[in-house]
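> generate a structure from the sequence data that follows.
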Amino acid sequence: MILAIDIGNTNAMFCIFKKLKIVKTFKLQIKNLNTKKQLNELLIIISSYSVKGIIISSVVPKKNKIFKSFFIENLNINPYFTDNLLSKFSIKTKIKNKLEIGSDRLVNVIYAIKITKPPILLIDFGTATTIDYINEDSVYEGGIISSGIDLSLKCLHEYTAKLPLVSFSKTKFIIGNSTKSAIRSGFFWGYISMMEGLIKRIKSEKKVNPKIILTGGNANFFKDYIKNIYLIDKNLTLKGLNFIYRKSI
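All right, here's what the predicted structure looks like:
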């Protein structure tokens, strides 16, 4: 079995694969992953499965050494990190500084090209909301980065005196009749309008009608509001990691 790990800015997502089949998924908060208690809990979960290989995508470099040492010491497995993916998978890009590209975004791009023919728009609702565009020649042109939904909700609460922290959810009406409902409406309908507007502008600028793929924890909220969705898969990055591992090892 293969353990795929996607280390994000807020959470680390874990997925155990038996060939292409997902056996188990779980997540842990990044801020707790340097404590002995959390690492021991992680080891207990993983030890229940016959893990023979590990692949890690990380956007938090300071965590990489912790994970590498942990897996070598406890499982005698040296994890495979997703470095130099552009050259390994012959991905062409128009991004000027290739070192700036988040490994999770590259994993998504590689896997998207594998599962469908471009042009493709990849929208990932994570700590940051990202949109990546792959043109009809399979060239990764670049994308858009904005603040993620949950991060924005948290910032609104922390940087104001009286606005509460609310969870992201659908709202039936645009006009809220309480502070909480007004915040929820602003974020739900605001993000829908942002996605609609950005997709429309990308289509106009690039003169294409791309396939739209949604991923990330909040992706399902948008399934009825974004047109022409090709695929929604919250585990897209993890499946991409499994694909990359099997192609690389």
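
> how close does the residue of the chain most remote from its centre sit to S185?
No residue in the chain sits farther from the centre than N177, which is 33.4 Å out by CA atoms, centre = their mean. Computed as CB to CB, to the nearest Å, the N177 to S185 distance reads 10 Å. The C-beta positions use only the backbone N, C-alpha and C, and glycine is treated the same way.

> in this structure, mark out all the helices, start to finish.
36-46, 64-75, 85-88, 103-115, 149-158, 179-206, 236-248 (DSSP state H).

> could you check the angle the one helix or strand in the chain whose mean pLDDT sits lowest makes with helix 64-75?
Least confident helix or strand, the chain: helix 36-46 with a mean of 84, by mean pLDDT, DSSP states H and E. Angle, helix 36-46 to helix 64-75, by axes from the mean of the first three to the mean of the last three CA atoms, to 10 degrees: 50 degrees.

> who are the packing partners of helix 36-46?
Using 3 or more CB pairs under 8 Å, 6 or more residues apart in numbering; DSSP states H and E, the elements in contact with helix 36-46 are strand 11-18, strand 21-29, helix 64-75.

> residues in contact with the last one?
Right, the one you point to is helix 64-75. 5, 7, 33-34, 39, 42-43, 46, 51, 54, 56, 58, 77-79, 81 (CB atoms under 8 Å, 6 or more residues apart in numbering).

> that helix vs strand 11-18, what angle?
Using the same axes, to 10 degrees: helix 64-75 against strand 11-18 is 40 degrees.

> could you do the second one as well?
With the same axes, to 10 degrees applied, the angle from strand 21-29 to strand 11-18 works out at 160 degrees.

> can you tell me how far I175 is from S181?
Taken as CB to CB, the span from I175 to S181 is 9 Å.

> ok, these two, which is more surrounded?
S181 (16 against 9; other CB atoms under 10 Å).

> now the more buried one: how far from N78?
From S181 to N78 the distance is 51 Å (CB to CB).

> most tightly surrounded among the helices and strands packed on helix 36-46?
When those are scored by mean count of other CB atoms under 10 Å, the highest mean neighbour count falls to strand 11-18 (a mean of 20).

> what sits up against that one?
1-6, 22-30, 33, 42, 45-46, 49, 51, 63, 235, 237-238, 241-242.

> repeat the analysis, applying 6 Å as the threshold.
For strand 11-18, contacts defined as CB atoms under 6 Å, 6 or more residues apart in numbering pick out 1-6, 22-30, 49, 238, 242.

> tilt between it and helix 103-115?
Using the same axes, to 10 degrees: strand 11-18 against helix 103-115 is 40 degrees.

> pull the CA atoms of strand 11-18 into CSV?
Extracted in CSV, the C-alpha atoms of strand 11-18 (Å, rounded to 0.1, in the frame of the first residue of the first chain):
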residue,chain,number,x,y,z
ASN,A,11,-4.0,20.7,7.4
ALA,A,12,-2.1,17.7,6.3
MET,A,13,-4.3,15.3,4.3
PHE,A,14,-3.4,11.6,4.4
CYS,A,15,-4.6,8.9,2.1
ILE,A,16,-3.7,5.2,2.0
PHE,A,17,-4.0,3.6,-1.4
LYS,A,18,-4.2,-0.1,-2.4
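
> using the record's assignment, carve this structure into domains.
Segmentation of the chain into domains, based on automatic domain parsing, reads 2-81, 85-241.

> low-confidence bits of the protein, can you list those?
35 (pLDDT under 70).

> which residues does the nearest residue to I229 once chain neighbours are set aside contact?
Distances taken as CB to CB, 6 or more residues apart in numbering place I212 nearest to I229, at 5.0 Å, with adjacent residues excluded. Taking CB under 6 Å, 6+ apart as the criterion, I212 is in contact with 121, 228-230.
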